[in-house]
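Peer 1: here you go, sequence then predicted model.
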Amino acid sequence: MTRASPRPPRRVAPDVTFDVTSDVTLDECSPRAAREGFLSALRGGAVLAPVGLAEDDPGVLLEARTLPRARLTLFGWRVYLSRPLFDPHLGFMVAYVGRCTARGREPRRFVPRVFYKDISLVWRCATHVIHTPEEDWIGKGAVRWRRDGEDLVAESAEETTDLPYEVQAALDAASRAVKPVRDDSAALLVLRNAPAGRLAPYRDFTGPRARAQRTSAIHGARPVARFRRPNVPESLEFARGYAPDLAGGCVSRSVAASNLYGGTVHKTRILSENRRIQYQFSATPTHVWLNPPQALTTELTPYLTRTLDVHAPSELFVPGFEYHFVEDGVEHSQIPGGFQGGFAGAPSSEDPMRADTSAWLERLAPVREYRRRFGVPRA
């Protein structure tokens, strides 16, 4: 009798910690106390380790505009936030990010980052910058490849720079605390300046993500939603258990503001039906849309971004206004269907390079259900 060969052992992923935490608020301390706490940590031996132009002289960041005035803590990471700043290209805050010691004390190392709000009204962490006489571009996270005809095209997976939804309300609050001031040097002092054409972030961003995704994955790294037919919003379907639970999955609601969207913005965190991921809905006086789903895992990169991705089609997460313009005779559009799809509306009065996406959004089932469940009528 032939003896059967033993089956190879199955690889068992280590436990992944999930935490359905409420929104993190800013620590209850005054701007002066936040500033003194940060400076006290530095006097006690903590290292300030910028990777941008301030690398050789970190002390240049200890000036009034870039000193912290607020503090928050999430999953063992401490973040000190500067006042809101802006330059000709970006509105942002300098964030000093460090991991607390095993005993929960102040970090021994802080790396300054740039936290900024995207057109989708989600706060992100820039990964690097390309600053040349011809180009000013903020690095937008991991690189993915897509097929365009016979070509493979690299593009930034921008959602990989989204900061956890648990801290979005706190960042909104910090950004509204005082009037923004102009600072044309802060972002360059903080961000690593990459050579022209470099989309990919550096190893301190990609390394933790690669390690996590070798051993764990959300839904087996498969998309949690799909469109059965291209450019047909009604053909959306979710993988079993991964649809947003608008009936009973609300974790929190917060309020922000936006000139682009005409006033008050309500942000709502919604769990999936299986409680494995979370969504964020944004409702403004003019639009409702979904932002990309996030894991509920507690492991973060040194950029305060999650290490695990949730894959889903980008067409599901179109903000209320999106790029749609012609330049030098070339059409540029990030609206589903582009210039031929019929979903692009009027240009924004705030930014004519972006067009209204309501024609697409209002045909998505989750948007319609959100309006019904939360009593948000169309404008």
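Peer 2: Good, I have the coordinates.

Peer 1: contacting residues for the most centrally placed residue in the chain?
Peer 2: The geometric centre of the chain, computed from its C-alpha atoms, lies nearest to D162 (C-alpha atoms, centre = their mean), at 1.1 Å. Residues in contact with D162 (C-beta atoms under 8 Å, 6 or more residues apart in numbering) are 122-124, 291-292, 294, 305. All C-beta atoms are positioned from the backbone trio N, CA, C, and that covers glycine.

Peer 1: give me the beta-bridge partners of it?
Peer 2: Using DSSP bridges, the beta-bridge partners of D162 come out as R124.

Peer 1: check what pLDDT it gets.
Peer 2: D162 is assigned a predicted lDDT (pLDDT) of 96.

Peer 1: just the helices in the stretch 201-350 of the chain please.
Peer 2: 203-215 (DSSP state H, counting those that start in this stretch).

Peer 1: any idea where the strands of it begin and end?
Peer 2: Taking DSSP state E, counting those that start in this stretch as the test, the strands found in the stretch 201-350 of the chain are 225-227, 236-238, 250-258, 263-271, 277-283, 288-295, 321-327, 330-333.

Peer 1: name the spans of this structure whose pLDDT lies under the cut-off.
Peer 2: By pLDDT under 70, the weakly predicted segments of the chain are 1-16.

Peer 1: apart from its chain neighbours, what residue comes closest to V60?
Peer 2: Excluding its sequence neighbours, the residue lying closest to V60 (C-beta to C-beta, 6 or more residues apart in numbering) is A54, at 5.2 Å.

Peer 1: so A33, which state does it fall into?
Peer 2: Following DSSP: H, G, I helix; E, B strand; the rest coil, A33 is assigned to helix.

Peer 1: picking up where we left off before, reformat the contacts of D162 as TSV; add distance to G263.
Peer 2: TSV is the format used below for the contacts of D162 (distance: C-beta to C-beta, whole Å):
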residue	distance to G263
V122	18
W123	19
R124	23
N291	19
P292	24
Q294	26
T305	29
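
Peer 1: among those residues, who's most crowded?
Peer 2: W123 (27 neighbours; other C-beta atoms under 10 Å).

Peer 1: contact partners for it?
Peer 2: 115-117, 162-163, 167-168, 171-172.

Peer 1: so which of those sit within strands?
Peer 2: 115-117 (DSSP state E).

Peer 1: which one of those sits closest to L62?
Peer 2: Using C-beta to C-beta, F115 comes nearest to L62 of these, at 18.6 Å.

Peer 1: who's in contact with that closest one?
Peer 2: Contacts of F115 by C-beta under 8 Å, 6+ apart are 81, 92-95, 123-125, 163, 171.

Peer 1: tell me what it is bridged to.
Peer 2: M93, C125.
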